[in-house]
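Chemist: Here is my input; please provide its structure:
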Amino acid sequence: MLERFSIRWRLALISAGLTFVILCAFAVVIGQLTDQRIRSDFRNETENAATTLADKLAIAVSPSTGRIDISPDLDLYAAPNNAVIRLYNNFKRPIAEGATPKGPDLGPPTEGGSAERGGYLVETRFRVLTFSNGGTAPIWIEYARPLKDLRNTQARLRLFLAFGAGVGSLLALLGALVLAKRSLRPITALTATARDIARTRDSAMRVPQPTGDDEVSELARTFDEMLGSLDAARVETQGALQRQRQFVADASHELRTPLTSVLANLELLTEELDGERREAAEAALRSSRRMRRLVADLLLLARSDSAQEQQRRPVDLGKIALDAVSEAQAIAAGHELELDAEPGVVVDGARDELHRVVLNLIENAVNHTPPGTTVRVSTRTEGQDAILIVEDDGPGVPPEMREKIFDRFVRVGGDVGKSTGLGLAIVRAVAHAHGGDVRLEDAEPGARFVVRLPRVDAEPEPPTDEHVTPDAVAGGASTPRRAAAFARGIRLRPSRRA
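Modeler: Model prediction:
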């Protein structure tokens, strides 16, 4: 049960519980001793009052009237203790004048001195009175005090002790809460600092150091030393990663020139050679092209990691999608490519990087779907966002791969030698660099990748001969580029806004 509470409340509750147990034990002991003392005092007071009454009692009889005068006055004598007094003659018969009013009948006197009858403590005394004429008369005296007075006193005592134990425990709880809060204040400061570090991920922050020299101070110093070590390790790791990124970027950049030369020479060799030599040259050419693609991917990721941005300008996302679909037709043997491009989907971005995004998504769909699969590429606008969708009707992404599909060097089972595992990582890096995002959505059947980028209200860059105009993408009049697209097997569906 205590584990549900904070340390502060646990300390306070334990302290209050111990205080309550101690006060209860104290109340029991003190209550027993005080109860015995009250009983003893009650009995002693009753005995003394009865004895004093017996010593002072005097009865006088008036000769003329026969009236009996008793002193001291029984009503006044009994009043302080709410006592009941009865006088009896030698035959233990009550004397009418020797009784306090409104008193219960406690029965005839009994020898033995003290007894409890009818809720009273009764003290009996025997006295032989001498009259003025020389005569004597034996008298029995009963002095009784109600036991309810004793019980009321005992009840008040128990109530006082119980109230004292409860109030003492409550005060102990409140005091323990205050002391615990004050004692745990350094821990609270450590917690707040740790929360700020977790929120800001700034290991350069330092924790406040308590002025004392106790366990909490030692914890604060240890935590501060740990933060210093983590900060030093972070700086060292960042430096190493920065040097690694710079090395990858420099190496990739430097490798592009010799790779271009190698590719040009291999292309010439494939045209000049024949037979087995030509096959060897073509194999080398394919490997070199794959190497060039890998180098380009590494260079793009290195630039993304180092936050190096290429020059951006307003570009038509539909036109980029058409160029990418046209380029992907060469590797999409056995697949059907469909393009549905909405005109006027303009984003502020780097054309080459966005082209790589569309191409990587298409190649990912082609590489992981069987022949005969349809790959659909579409662009549209949603509010202030530009949407690029690449979907297929293939087997889809395995559930165990959905969480890490955009990580680097991740390959779906069976993908051996088809990709480097960087395609989707590049898609996410480029999308994030352009202020957008990419996600994998549920599709039945197949896979559906949605890229969301900020849209801009601007005219795209002027079209060149190397690209299809937006009118051709939207399904306008027949153009040489559109005819060439159909000749390559690309299905251009009219846009919804065409």
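
Chemist: buried ones in stretch 236-244?
Modeler: If you call a residue buried by 16 or more other CB atoms under 10 Å, then stretch 236-244 has no buried ones at all. Any C-beta I mention is one placed from the backbone N, CA and C, and that applies to glycine too.

Chemist: who's in contact with the residue lying closest to Ala137 once chain neighbours are set aside?
Modeler: Of all residues beyond its chain neighbours, the one nearest Ala137 is Leu129 (5.1 Å), with distances taken as CB to CB, 6 or more residues apart in numbering. Leu129 makes contacts with Leu57, Ala58, Ile59, Thr136, Ala137, Pro138, Ile139, as judged by CB atoms under 8 Å, 6 or more residues apart in numbering.

Chemist: Repeat the analysis, applying 7 Å as the threshold.
Modeler: Ile59, Thr136, Ala137, Ile139 (CB atoms under 7 Å, 6 or more residues apart in numbering).

Chemist: Now do the spatially most central residue of the chain, the pLDDT please.
Modeler: Centroid-nearest residue in the chain, with CA atoms, centre = their mean: Arg195, separated by 12.1 Å. Per-residue pLDDT puts Arg195 at 83.

Chemist: residue ranges for the helices of the stretch 1-150 of the chain, please.
Modeler: For the stretch 1-150 of the chain, the helices defined by DSSP state H, counting those that start in this stretch occupy 7-56, 74-78, 147-183.

Chemist: Which secondary structure elements does the shortest one sit against?
Modeler: Helices and strands touching helix 74-78, by 3 or more CB pairs under 7 Å, 6 or more residues apart in numbering; DSSP states H and E, are strand 84-88.

Chemist: what distance separates the strand it packs on from the middle of the whole chain?
Modeler: Centroid separation for strand 84-88 versus its chain: 79 Å, with CA atoms, centre = their mean, to the nearest Å.

Chemist: Return the distance of the residue nearest to Ala137 relative to Asn89.
Modeler: 11 Å (CB to CB, to the nearest Å).

Chemist: Now do the shared contacts for those two.
Modeler: Joint contacts of Leu129 and Asn89 (CB under 7 Å, 6+ apart) are Ile139.

Chemist: Using the three-state scheme, assign Glu459.
Modeler: Assigned with DSSP: H, G, I helix; E, B strand; the rest coil, Glu459 falls in the coil class.

Chemist: My read is that it contacts Arg313, right?
Modeler: No - applying CB atoms under 7 Å as the test, Glu459 and Arg313 come out as separate, 10.4 Å apart.

Chemist: Compare the two and say which one has the larger neighbour count.
Modeler: Arg313 (13 against 10; other CB atoms under 10 Å).

Chemist: per-residue confidence for that one?
Modeler: 88.

Chemist: how close does it sit to Leu322?
Modeler: From Arg313 to Leu322 the distance is 18 Å (CB to CB).

Chemist: Just give the closest residue to Val84, not the sequence neighbours.
Modeler: Nearest non-adjacent residue to Val84 (CB to CB, 6+ apart): Gly103, at 3.7 Å.

Chemist: which regions of the stretch 151-300 of the chain lie under the pLDDT threshold?
Modeler: 245, 248-253, 256 (pLDDT under 70).

Chemist: Around Glu225, count how many other residues there are.
Modeler: Neighbour tally, Glu225, other CB under 10 Å: 10.

Chemist: can you check Lys92 too?
Modeler: Lys92, neighbours per other CB under 10 Å, totals 12.

Chemist: Apart from its chain neighbours, what residue comes closest to it?
Modeler: Pro108 (4.4 Å).

Chemist: quick one: the one you found and Pro94 touch, right?
Modeler: No - counting by CB under 7 Å, Pro108 stays clear of Pro94, with 8.4 Å between them.

Chemist: Overlap of the contact sets of those two?
Modeler: With CB under 7 Å, 6+ apart as the test, Pro108 and Pro94 both reach Tyr88.

Chemist: Strands along the stretch 301-450 of the chain, start to end?
Modeler: Per DSSP state E, counting those that start in this stretch, the stretch 301-450 of the chain carries strands over the ranges 313-316, 336-341, 346-349, 374-382, 385-392, 437-441, 448-454.

Chemist: Now render the ones you listed as CSV, adding distance to Ala16.
Modeler: Listed next are the strands of the stretch 301-450 of the chain as CSV, based on distance: least, CB to CB, whole Å:
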stretch, distance to Ala16
strand 313-316, 71
strand 336-341, 72
strand 346-349, 65
strand 374-382, 61
strand 385-392, 59
strand 437-441, 54
strand 448-454, 58
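
Chemist: any idea how far Leu241 is from Met226?
Modeler: The value you get for Leu241 to Met226, if CB to CB is used, is 22 Å.
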